[in-house]
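Novice: this is a predicted model, with the sequence first.
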Amino acid sequence: MTRDYPLEKVRNIGVIAHIDAGKTTCSERILYYTGVSHKIGEVHEGEATMDWMDQERERGITIASAATTAFWTPTYAAADASQKHRLNIIDTPGHIDFTVEVRRSLRVLDGAVVIFDGVAGVEPQSETNWRYADEGNVPRLCFVNKLDRVGASFDHSFKTILNRLSKKAVRIQLPIGLESAHEGVIDLLKMKAYNFEGEKGKEIKETEIPEQYLEEAKTARAELVEKIAELDEVLMDDYLEGKEIALEDLKRVLRKATINNDLFPVMCGSALKNKGIQLVLDAVVDYLPSPLDMPPITGTNPETGEEESRKTSDDEAFSALAFKLQADPFVGQLTFFRVYSGVLKSGSYVYNAVNQERERVGRIVRLHANHREEVDEVFAGEIAAIVGLKNTTTGHTLCDENRPIILEGIKIPEPVIEMRIEPKTKADQEKMGIAMKKLSDEDPTFKIKTDPETMETIIAGMGELHLEVLVERMKREFNVEANTGKPQVAYKETITAEAEAEGKYVKQSGGRGQYGHVRIRVKPLDKNIDPEAKVAKNIKREASFEFINNIKGGVIPSEYIPAVEKGVREGLSRGILAGFEVVDISVELYDGSYHEVDSSEMAFKMAGSMSVQDAAKRAKPVLLEPIMKVEVTTPEKFMGDVTGHLSSKRGQIESMEDRNELKVIVAKVPLSEMFGYMTTLRSMTEGRANFTMEFLEYAIIPTSVAQGIIDARK
């Protein structure tokens, strides 16, 4: 079988934005205009195709990213069938609690359409998503949506993009009219106006630019042409000589600049009123990269530790990244993957380079939200899902066993909120274990642990909504009834000084005894160390823990070193002050002794655990708490009350600015103070204020507050 679409005609794109900017509404229009769906599903009616989970439809928000495949022939080439392009689209959530969905989708996409609310402009989650896209060097198009809303302003929204995201943004369109008078858009490259008529705006009419917008359009075009010409020597010479630059040349250089992240084209319209979406699809084809435009993917050879790369080609050795798991009621576990090189056939075997296991590929399916189409082969540059992989999770590399490679994984943020959970009946107990395992495979930010003292099950996640949705999913998808406690903050502990300690575990009983003896040194871990950095063989490094083996001359035999490390980890997981996990700590094992007969792994594990607890107690331990970045939007008359209230919650006000008629307050506030904040804020501002928050960092808790937490734990 050969591929049905040449690679240069493929686009892998994501739709990303702040909650409520209209991502799913845009995705629905894309499905309609590309012929995937024959009617438009509206989010507010609970009918959106891309929001296929019951909870997404009830809440009107996207929870899980949905993938779909569509085909598009640009409007200017409608008669030319050879111009048909395949678009693999991922619609991502906007809510901060589901931020990992955006992060992992951007990891495997070649380009993104970033959507902004035409009234609010750049919002907090837009900034976070933009930052993720920057980390992955993902080329972007911007679409300012909702220009039909009261208070919409394209100029204001564009300014917020320039000021808060990137000075490289350029307008390639202007709106015709705003609010209820919003009729269409002006294309600044072609200098034509476009109106969207007929059923659902399907008919696009190209006309001359209305007189009243002509001057503004000429000024904006001159600015655009100058920005494009600056990036190409030949065009720059023509521009300086005052020559008219051909449309093809402008588009060619703009495409190159967009792919290199030198420019971010900005477009406008209203998805709900069916204006401008087809032109966004044209821009995706014109300016966003095909897999061939992206540099070869690099990874590490697990056998040699050397860096290797793979070109996007069907003839290369197979390599792919699993970026998402989804439990499907009809076919079982789906593993979404992006192929970077080579071809994968159904019924064949793949090698998981991370856990070094072979897995059989059962069926391969191409996804249309929650409908699926079976395929026999998947080629380089494509996105699909495998049914039936047993031991592959988010961030694992699948490859050819004879040419192994490990691609860079996906960074998973740490959960900040915890909740106790228990099954209602004995029958629920078994089902709950299975349900939680499946949900944590699907969502790597959902963690499960057992409290060692009370033996209760504790679940941890990114926020109250996140845990609420997961408990609800257990009930609906797995029929598990459970009782939950109140959400708790996930505190951590760390040390602020260096200290040494000795751990000796000696037990003499009848027969063989136990003997383990270690000396260790602990110090705070330098946060600037990159956990991915290649380090010496005797150092094991992770994001918040480092273990250094400095044993010389075999004073402890090497087979007991892993047992010491295991004991150290266990000692740190139990905490020192209040039983919370100890993080950002470096532990050096530098001396000890052993007994020819009595030493064992168990004895050294116990010695490691005792010594690290002892050393950490002497190293000035402190409690850490999650600090959130909170952004409150409020009418001016309530500003004093809101800032005063935030300060009373140990909040630090970072900045205040104007957004249209409203004031925006940005503050850093401990998560423990933010429970139930929405209710208080509403009653304080007659229900007119709003807030968003996202995790920022862990910080040391003031002694007076920390003492209360320690006493409560005891």
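Specialist: Now that the structure is in, tell me what you want to look at.
Novice: buried sites along the helix or strand containing Gln707?
Specialist: Using DSSP states H and E, Gln707 sits in helix 703-713. Neighbour-count burial for helix 703-713, counted by 16 or more other C-beta atoms under 10 Å, picks out 706, 709. Quick note: C-beta positions are derived from backbone N, CA and C, even for glycine.
Novice: what about the stretch 451-600 of the chain, any weak spots by pLDDT?
Specialist: The model of the stretch 451-600 of the chain has pLDDT under 70 over residues 452-453, 510-511, 528-535.
Novice: what about the helices in it?
Specialist: Assigned by DSSP state H, counting those that start in this stretch, the stretch 451-600 of the chain shows helices spanning 464-478, 561-573.
Novice: packing partners for the first one?
Specialist: I take that to be helix 464-478. Secondary-structure packing of helix 464-478 (3 or more C-beta pairs under 8 Å, 6 or more residues apart in numbering; DSSP states H and E): helix 54-59, strand 417-423, helix 426-442, strand 457-461, strand 482-484.
Novice: how near is the nearest residue to Ser558 once chain neighbours are set aside to Ser683?
Specialist: Leaving aside its chain neighbours, Ser558 sits nearest to Ile551 (7.8 Å; criterion: C-beta to C-beta, 6 or more residues apart in numbering). Going from Ile551 to Ser683 by C-beta to C-beta, to the nearest Å gives 62 Å.
Novice: one more: Asp286?
Specialist: For Asp286 relative to Ser683 (C-beta to C-beta), the value is 50 Å.
Novice: those two: who's more crowded?
Specialist: Counted by other C-beta atoms under 10 Å, Asp286 and Ser683 do not tie: Asp286 has more neighbours, with 19 against 9.
Novice: for the more buried one, pull up the helix or strand it's in.
Specialist: Assigned by DSSP H and E, Asp286 falls in helix 277-287.
Novice: figure out how far the next helix or strand after that helix is from the centre of its chain.
Specialist: As assigned by DSSP H and E, the chain's next helix or strand after helix 277-287 is strand 297-300. With C-alpha atoms, centre = their mean, to the nearest Å as the basis, strand 297-300 stands 20 Å off its chain's centre.
Novice: now do strand 297-300: which elements does it pack against?
Specialist: By 3+ C-beta pairs under 8 Å, 6+ apart, strand 297-300 packs against strand 307-310, strand 406-407.
Novice: would you list those in CSV and tack on distance to Ile539, mean pLDDT and mean neighbour count?
Specialist: As requested, the helices and strands packed on strand 297-300 are exported to CSV (distance: least, C-beta to C-beta, whole Å; pLDDT from 0 to 100; neighbours: other C-beta atoms under 10 Å):
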stretch, distance to Ile539, mean pLDDT, mean neighbour count
strand 307-310, 20, 89, 16
strand 406-407, 19, 88, 22
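Novice: turn the ones you listed into CSV, including distance to Leu344.
Specialist: Output for the helices and strands packed on strand 297-300, formatted as CSV (distance: least, C-beta to C-beta, whole Å):
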stretch, distance to Leu344
strand 307-310, 14
strand 406-407, 15
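Novice: and His18, which of the ones you listed is closest to it?
Specialist: strand 406-407 (29.4 Å; C-beta to C-beta).
Novice: what lines up beside that closest one in the sheet?
Specialist: strand 297-300 (antiparallel) (DSSP bridges).
Novice: export the partner strand as CSV, just CAs?
Specialist: Extracted in CSV, the C-alpha atoms of strand 297-300 (Å, rounded to 0.1, in the frame of the first residue of the first chain):
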residue,chain,number,x,y,z
ILE,A,297,13.7,14.6,15.0
THR,A,298,16.6,13.9,17.4
GLY,A,299,16.8,11.3,20.1
THR,A,300,19.3,9.2,22.1
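Novice: got any ranges where the stretch 101-250 of the chain has weak pLDDT?
Specialist: 101, 104.
Novice: quick one: the helices in it?
Specialist: 124-135, 154-164, 211-229, 233-240, 247-259.
Novice: list the helices and strands the helix or strand that the last one is followed by packs on?
Specialist: It refers to helix 247-259. Once helix 247-259 ends, the next helix or strand along the chain (criterion: DSSP H and E) is strand 264-268. Applying 3+ C-beta pairs under 8 Å, 6+ apart, one finds that strand 264-268 contacts strand 140-145, helix 154-164, strand 169-171, strand 173-176, helix 247-259, helix 277-287.
Novice: mind doing that once more with 10 Å?
Specialist: strand 111-117, strand 140-145, helix 154-164, strand 169-171, strand 173-176, strand 184-187, helix 247-259, helix 277-287 (3 or more C-beta pairs under 10 Å, 6 or more residues apart in numbering; DSSP states H and E).
Novice: and the angle for that strand with helix 277-287?
Specialist: Interaxial angle, strand 264-268 versus helix 277-287 (axes from the mean of the first three to the mean of the last three C-alpha atoms, to 10 degrees): 170 degrees.
Novice: right, I'll leave it there.
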